[in-house]
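1. just coords:
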């Protein structure tokens, strides 16, 4: 009986790993304003399994991009890297409401698996982003 449960558990684990997607990315660039502070952070990525129109992309920033607890002040533009077409520009979700660098964004459009996209993240405060990793 125990061996049977182990096989079922192993099968479920392998199925979960096989169905989960991966995010590929390359070059993060920064667009600076005339005063020398960052205007936007540009991230390029591709999803192995795509994303539904109501799904959220989770961004974990090394520092907060907003000055208050209102994360909706941080705007994110989604661009198709194929033809440089702007798909949409949306604010980040209001939750989680704390002041850390954790953001969720839903684009209202499905993202196709295997297609390269660019997001431009517009902070609501002057950031230098001197160290740390940006995670998606």
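-> Good, I have the coordinates. Please read these numbers as outputs of a predicted model, since none were measured by experiment.
2. isn't residue 49 right up against residue 113?
-> Yes - using C-beta atoms under 8 Å, residue 49 is in contact with residue 113, at 5.5 Å. Where C-beta positions appear, they are placed from N, C-alpha and C, glycine not excepted.
3. tell me the mean pLDDT for stretch 103-116?
-> For stretch 103-116, mean pLDDT rounds to 91.
4. can you tell me what sits against it?
-> Here stretch 103-116 makes contact (C-beta atoms under 8 Å, 6 or more residues apart in numbering) with 21, 44-61, 65, 71, 74, 76, 78, 80-82, 87-88, 90-93, 95, 117, 119.
5. now intersect these with the strands, please.
-> Per DSSP state E, strands hold the following members of those: 44-47, 57-60, 76, 78, 80, 87-88, 90-91, 117, 119.
6. so which residues of this protein form helices?
-> For the chain, applying DSSP state H gives helices covering 2-19.
7. which of the helices and strands in it ranks last by mean pLDDT?
-> Least confident helix or strand, the chain: helix 2-19 with a mean of 53, by mean pLDDT, DSSP states H and E.
8. pull the number of nearby residues for residue 103.
-> 23 (other C-beta atoms under 10 Å).
9. cool, residue 102 as well?
-> Residues near residue 102, counting by other C-beta under 10 Å: 16.
10. and it, bridged to which residues?
-> Note on residue 102: beta-bridge partners residue 60, judged by DSSP bridges.
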